[in-house]
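Visitor: Sharing a sequence plus its predicted fold:
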Amino acid sequence: MIEDIYYIVFDVIPTEQNQEYANIENAIVSCWIQSTDASSSYIKATFFIEKADWIIKKNTQQPIVVIEENFIDREIGLENFHIAQKEKMSFVYIAKSASVITPTEIKLQSSYKFDMSKFLTKLKEVSEKGRCLHYQAGARCDEIINAHSIQNNRVLSKIANKKNEIYALSKNMSDFKKNDGYLGFRRYPITKFSIFRGFCGIHDNKLFEPIDKSYYKLKDEQQIFLYAYRSLAKEFFDKENALNMYIDMSEDVKDNLGLYKQMTSFTKGSKNACNSLNVHKNIYDNVLKSKIYDDMRYVSFNSTDKFFMAFSNILYPDYDFNGNLLQDLSNTAKPFDLITFCSAPTEEGWSFIFSWHKSSDNSCLTFIQSLKLRMQQGSDLGDLLFKFILLNSENFAFSPVWWESLSEDNQKEISQSITNMMQPTMAIRKHYLMNGLKGTSNWSFETIFDNLTTVSKK
Ligand SMILES: [Zn+2]
């Protein structure tokens, strides 16, 4: 993806935490920001200015793309253009001070030293302690187990190598650097992958027995529901933990304007996500209690090919396979429509299953229809589905045999696509399902089953 250098200028005044608060009334800050588009460059610039203890008063130069030639004969400009090329961004503050007569260069330091590791440690503690999310959870749920959001038996063990390892997205920062800033993959033992301590042993065993002890029998609605339920529970567990972390963080950064604004916006987003998930969890719990699956929809794509990729997740679908908007995720007035997707091994091969509750029909039916339309237009179903997972989930694992059989270019294309999706702008998001990553998965599906025949779009 091509990134340009944007030049932006603001009038700013120091906050009370700014080390120059006593000396400076106002300043002009020039920014050189590497970015894919003007609005992201603007967001990045304002965040770092506010983080450095300034209040933005006015944007005197809107973001414009600049090139080296713009700064010929302008030494400071050229120098900062080069810094932005290398380090993604550069800022120059120019201020007049009553107490300083000759031009002086001052290195400014942000007032706040942010200790991310403190919060990550806490998040890890909360996740490891765990809690039972079963609707009948109570005092007897004392033994929380290492449940897998993707099953260990049958699913992960089926794609693992002889040492019981799979490939998953690396959580190691050194891989990130080694990979030129793109996410890398790393071998993990299956016992370490996709664990979540969201159920006690008794409830986990009882609840998921039909999918843990048997292969997916095509069209089995109870099994489909349990796969969906497990994906939802994992997301609910993670989001609730993250919300608590953001609340703690906001409290901690109260005195730094930039970080506080950023953290409260994360907290707000996280709270909305939890509220929405809570609504869906209640709906799914009711289905679980009644054991009646009539209100659940599914589409299952079934393959007799060898199973090499395990995944399970949920999504609030925002764009369909043709780039049309399905639901506006910035409008939090009502819960978002939610779709779940997972891989399920079968006796003969495996299935890709989409599933959702009828309350999410509005977005999900259109979403599935757009997939059918793309197929009718000649797009490869395997390519579309493979790309869909990579760009909407971190919770997936590859079989080592398959990953190591890919060319370096293929591996790189996968890493780059995923990395770009992690910081998407609207333009990327709108078209994300449309092109790219062709011919990598070679997935083919012999049959497609669904229970949508009786359903029509509202
Ligand atoms: Zn329990």
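Guide: On my side now, so go ahead.
Visitor: tell me the phi and psi of N395?
Guide: Taking degrees, to the nearest 10, you get phi -90, psi 70 for the backbone angles of N395.
Visitor: Now do it against K234, distance only.
Guide: 7 Å (C-beta to C-beta, to the nearest Å). For every residue, glycine as well, the C-beta is placed using N, CA and C.
Visitor: Let me know whether A397 touches K158 as I believe.
Guide: No: with contact defined as C-beta atoms under 8 Å, A397 does not count as touching K158 (10.6 Å).
Visitor: Enumerate the residues of this protein near the ion.
Guide: C132, H134, A137, C141, C200, H203 (C-beta under 5 Å from the ion).
Visitor: Show me just the buried residues among those.
Guide: C132, H134, C141, C200, H203 (16 or more other C-beta atoms under 10 Å).
Visitor: contacting residues for F388?
Guide: F341, L433 (C-beta atoms under 8 Å, 6 or more residues apart in numbering).
Visitor: Quick check: it is in a helix.
Guide: Yes: with DSSP: H, G, I helix; E, B strand; the rest coil as the criterion, F388 is part of a helix.
Visitor: so how far is V401 from it?
Guide: 23 Å.
Visitor: What of Y293?
Guide: In this view, Y293 and V401 are 36 Å apart by C-beta to C-beta.
Visitor: can you list the weak-confidence ranges in the stretch 351-458 of the chain?
Guide: Within the stretch 351-458 of the chain, the segments meeting pLDDT under 70 span 422-430, 432, 434-435, 454-458.
Visitor: tally of neighbours for the closest residue to the ion within it?
Guide: The minimum distance from the stretch 351-458 of the chain to the ion, using C-beta to the ion, falls at N395 (22.2 Å). Residues lying near N395 (other C-beta atoms under 10 Å) number 23.
Visitor: The one 3 residues further on too?
Guide: Neighbour count of F398, defined by other C-beta under 10 Å: 21.
Visitor: So which residues of the stretch 301-450 of the chain form strands?
Guide: Assigned by DSSP state E, counting those that start in this stretch, the strands in the stretch 301-450 of the chain fall at 309-315, 339-345, 350-357, 396-398, 447-450.
Visitor: Could you check how far the residue lying closest to S393 once chain neighbours are set aside is from S231?
Guide: Among residues not flanking S393 along the chain, N313 sits closest, at 4.1 Å (C-beta to C-beta, 6 or more residues apart in numbering). From N313 across to S231, the span is 6 Å (C-beta to C-beta).
Visitor: Common neighbours of the two, please.
Guide: By C-beta under 8 Å, 6+ apart, N313 and S231 have these common neighbours: T340, F341, C342.
Visitor: What residues sit buried inside the strand or helix carrying T121?
Guide: Assigned by DSSP states H and E, T121 belongs to helix 116-129. Buried residues in helix 116-129, counted by 16+ other C-beta under 10 Å: F119, L123, V126, S127.
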